[in-house]
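[1] generate coordinates for the sequence data below:
(one chain, ligands or ions: 1)
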Amino acid sequence: MAAILLDGRAHASRLRDRIARQVTALADGHGIAPGLAVVLVGEDPASQVYVHSKGRLTREVGMRSFQHRLPADTDSHTLLNLIASLNADPDVHGILVQLPLPSHLDAAAIIDAIDPAKDVDGFHVQNAGRLAVGLDAMVPCTPLGCMMILRDHLGSLAGANAVVLGRSNIVGKPMAQLLLAADCTVTTAHSRTRDIADIARQADILVAAIGRPGIVTADWIKPGATVIDVGINRISDDEGKTVLVGDCAPECASVAGAITPVPGGVGPMTIACLLQNTVTACCRIAG
Ligand code: GUN
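    The predicted structure is shown next:
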């Protein structure tokens, strides 16, 4: 039987409607407009598309969007000065530095310069540490969106065997922590894991965040499992056109019980969660 397609686009649209109502209430009740600053260094084509979408959707829910586009040869001093000014700006409640940064810049040092209260990506070590020990934290947007999709589909996740494929700071690690906090039994597998297909096949919940097109095949999936495909891979199709594909090969949908499509699954939830984190940051900062 074909898997249920978990429609992230529809879920994200409902979430943005809710955020728009929160933004209206903040404006009417307190005269505050949440503001999101996005910093893009260089001309990476995928990053330009993401940053454009983030600006458009930020404005669509009634928030203020501040975009800073800097040349690829920007030095760290200039970037750190910009972050310091955004940290001090009372109109800015969320700051996001689009990754990847050009290789001459130290991404960890740049992220750690962001005020943790405005770190709507949840990448600052303070937020990563708080999440790890179960304190209130800014949660990275992609794992947060994955959790919303999972809870919407499954309700309680307690006791489920969850396998996370990938161990990045942006997705894999925070995803594993969120699943653990939801009382799953969690395994993280990665490029050096032995017998990765056998481990994946134990999963009631499988989160694929490897970044390799179609690496997860049908034989990696337990029949009926819920599969979250975080991969957003750009490849050329037979006609040379660029298309987006996930980490899961299309035939996974014939074994899984439910699966997120690519595009239209996790991607739209990531941006909606960024907007939600910005409202949360605004409410905390404004008291
Ligand atoms: N590049 C790809 N995904 C992300 C993200 O979620 N946040 C930032 N800052 N950069 C990204």
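
[2] count of residues packed around Ala10?
    Using other Cβ atoms under 10 Å, Ala10 is surrounded by 11 other residues. To be clear about C-beta, it is placed using only N, CA and C from the backbone, and glycine gets the same treatment.

[3] am I right that it is in a helix?
    Yes - Ala10 forms part of a helix when assessed by DSSP: H, G, I helix; E, B strand; the rest coil.

[4] any idea how far the ligand is from it?
    Look at Ala10 and the ligand: by Cβ to the nearest ligand atom, to the nearest Å, they are 21 Å apart.

[5] just the element for the residue of the chain at minimum distance from the ligand, please.
    The ligand sits closest to Leu99 of the chain, with a gap of 3.6 Å, by Cβ to the nearest ligand atom. Assigned by DSSP states H and E, Leu99 belongs to no helix or strand.

[6] and if you look at His52?
    Counting by DSSP H and E, His52 is found in helix 45-60.

[7] after that helix comes which helix or strand?
    strand 64-70.

[8] my read is that Leu150 contacts Ala225, right?
    No - at 11.6 Å, Leu150 does not count as touching Ala225 under the criterion of Cβ atoms under 8 Å.

[9] spit out the residues that contact these two alike.
    Ile205 (Cβ atoms under 8 Å, 6 or more residues apart in numbering).

[10] what number of residues lie near Thr74?
    Applying other Cβ under 10 Å, I find that Thr74 has 18 neighbouring residues.

[11] likewise for the one 10 residues further on?
    Each residue near Ala84 was counted by other Cβ under 10 Å, and the total is 13.

[12] quick one, what contacts it?
    Counting by Cβ under 8 Å, 6+ apart, Ala84 makes contact with Ala113.

[13] and stretch 71-87, anywhere near the ligand?
    No - with Cβ under 6 Å from any ligand atom as the criterion, the ligand is not reached by stretch 71-87; the gap is at least 12.6 Å.
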